[in-house]
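> Coordinates for the following, if possible.
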Amino acid sequence: MVSLASSFVSPSPSPATIRILIADDHPLFRDGLRRLLQAEPGFEVVGEASDGDVLVDLARKTKPDIILLDLSMPRQDGMEVLRELSASRLPVRTLLLTASIEKPQIVQALKLGAYGVILKESTTQRLFDSIQCVMAGQYWVGRESVTDLVRALRAVAPATDGVRARDYGLTTREMEIVTLVVAGYSNPDIAQRCSISEQTVKHHISNVFDKLGVSNRLELALFAVNHRLTAAVA
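Numbering: from 1, shown residues only. Predicted coordinates:
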């Protein structure tokens, strides 16, 4: 099947319009998804691809903000496409739109640069919400919890000698709170364990976000595990 690069550009799109590239090998699904997105104010479908082999070139030509990428693509599957997109350094955010995916695959996709995963069985509103979330620079992982993903990420992470290379300017208390966040503790639980107020916990977490350049707990968890900031918490 030949890949498509169809432009649907309006004469003068709004600056707030989110430009979307659809990558899926099923023509009927692509057509239905395009019609669905085009009917929603603020979304603009700039192209479609039927295989992963030419997707990066198509992304260069159409300059999308978001790529909706099927995991099962001919010639190059979704993971291979993510590697190529990462190497290309294109300013685009990728959201996997797939029929099914295992937890280790979610972790692998996030490590390869994907901003999230949404299942094809999801409601229209959840699809729209996931696109808006990713466009805002946040991660979308559906029903998976931060703790589950961190466990999976640790399982596939390479073995290390346990020595941290950097502390990124975090204080001892901030490092303790990072460890508890990654372990899945809520703010009230952290406050109780550290004998501090919940407001103080929020203040510490805000400082951590600023120092590490992250914006939510999932980003913090991924950063912490990737950079060996944390230890296991009982």
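
> part of a strand, is L68?
Yes: per DSSP: H, G, I helix; E, B strand; the rest coil, L68 lies within a strand segment.

> Quick check: bridge partners of it?
With DSSP bridges as the criterion, L68 is bridged to I22, L95.

> Isn't it up against A23?
Yes: assessed by Cβ atoms under 8 Å, L68 is found in contact with A23 at 6.7 Å. Heads up, the C-betas are built off the backbone N, CA and C, glycines and all.

> hey, where'd the helices end up in the protein?
In the chain, the helices defined using DSSP state H lie at 27-38, 55-62, 78-88, 103-111, 124-135, 146-156, 172-182, 187-194, 198-212, 217-226.

> buried stuff in stretch 203-219?
Buried residues in stretch 203-219, counted by 16 or more other Cβ atoms under 10 Å: 204-205, 207-208, 212, 214, 217-219.

> hmm, I was thinking of stretch 173-182
Across stretch 173-182, burial judged by 16+ other Cβ under 10 Å covers 174-182.

> Point out where this protein drops to low pLDDT.
Applying pLDDT under 70 to the chain flags residues 1-15, 142-166, 230-234.

> Break it into its domains for me.
According to automatic domain parsing, the chain comprises the domains 18-144, 160-226.

> looking at the ones you listed, which is buried most?
Ranked by mean neighbour count under mean count of other Cβ atoms under 10 Å, the domains of the chain are led by domain 18-144, which reaches a mean of 18.

> could you dump the helices of the chain to JSON lines with distance to L96?
JSON lines is the format used below for the helices of the chain (distance: least, Cβ to Cβ, whole Å):
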{"stretch": "helix 27-38", "distance to L96": "14"}
{"stretch": "helix 55-62", "distance to L96": "13"}
{"stretch": "helix 78-88", "distance to L96": "6"}
{"stretch": "helix 103-111", "distance to L96": "6"}
{"stretch": "helix 124-135", "distance to L96": "10"}
{"stretch": "helix 146-156", "distance to L96": "14"}
{"stretch": "helix 172-182", "distance to L96": "23"}
{"stretch": "helix 187-194", "distance to L96": "30"}
{"stretch": "helix 198-212", "distance to L96": "24"}
{"stretch": "helix 217-226", "distance to L96": "15"}
